[in-house]
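S.K.: Sharing a sequence plus its predicted fold:
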Amino acid sequence: MKNNCVFCAIAANEIPSFKVYEDDLVLAYLDINPFSKGHTLVIPKEHSSGLLDTPDETLAALVARVKKVASHLKAALPCDGFNILQNNGEAAGQTVMHIHFHIVPRYGKEDISFISQKGDMDELKALADRIRMEG
Ligand code: 5GP
Ligand code: ZN
């Protein structure tokens, strides 16, 4: 596995994922332990570990894709709002050392307290199939 990194393996299709969006630079897929329905991760295909070692051009493209995917999710799920999270370093709760933005959809006044739920693989597959975007 390149860089011994699970997200590089997902980007290389060595590990399956429930893809929502893909283009030359980025990949977006459902988090397998979601905070809420439609919780999506957006990564650059090129490995870097966090905000500080990611080139500015990559970051600019990544944030533009986060906006594009979030806009789509808001309409397609639909959800009422969303949180964007991006953790840097173990001390900040980062568990996968390949930069990623979380898009966490929010529904009404539901209190999700940002606790991971063990994802149901059949439900995740059905949801990804329903909301997948064209590249
Ligand atoms: P972090 O805490 O590093 O910001 O977030 C890492 C996220 O990646 C977690 O929410 C976790 O559920 C998710 N995750 C870890 N391994 C995998 C995986 O193999 N596939 C997917 N889709 N998500 C993963
Ligand atoms: Zn990686």
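M.R.: Structure's in. What do you need? Numbering: from 1, shown residues only. Ligands and ions are numbered 1, 2, ... in the order given.
S.K.: how about the residues of the protein near ligand 2?
M.R.: Applying Cβ under 5 Å from the ion, we find that the chain lies next to ligand 2 at Asn3, Cys5, Phe7, Cys8, His47, His98. C-beta: built from backbone N, CA, C; applies to glycine.
S.K.: Report whether the fourth one is found in a helix, as I expect.
M.R.: Yes - with DSSP: H, G, I helix; E, B strand; the rest coil as the criterion, Cys8 is assigned to a helix.
S.K.: Now it: closest residue in space, sequence neighbours ignored.
M.R.: Spatially, and ignoring its direct neighbours in sequence, Cys8 is nearest to Lys2 (4.5 Å; Cβ to Cβ, 6 or more residues apart in numbering).
S.K.: ok, now the second one?
M.R.: Spatially, and ignoring its direct neighbours in sequence, Cys5 is nearest to His98 (5.0 Å; Cβ to Cβ, 6+ apart).
S.K.: Report all helices and strands that the lengthiest helix in the chain contacts.
M.R.: For the chain, the helix with the greatest residue count under DSSP state H is helix 56-76. Where contact means 3 or more Cβ pairs under 8 Å, 6 or more residues apart in numbering; DSSP states H and E, helix 56-76 is packed against strand 19-22, strand 26-30, strand 40-44, strand 81-85, strand 101-106, helix 121-131.
S.K.: Closest one to Ala128 out of the residues of the chain next to ligand 2, please.
M.R.: The shortest approach to Ala128 among these belongs to Phe7, at 16.6 Å (Cβ to Cβ).
S.K.: my guess is that closest one meets Val96, correct?
M.R.: Yes - in terms of Cβ atoms under 8 Å, Phe7 counts as a neighbour of Val96; the distance is 5.7 Å.
S.K.: Which of these two has more residues huddled nearby?
M.R.: Neighbours were counted for Phe7 and for Val96 using other Cβ atoms under 10 Å; Phe7 has more, 22 against 14.
S.K.: From ligand 1, how far out is that one?
M.R.: Per Cβ to the nearest ligand atom, to the nearest Å, Phe7 is found 8 Å from ligand 1.
S.K.: do the same with His72
M.R.: 18 Å.
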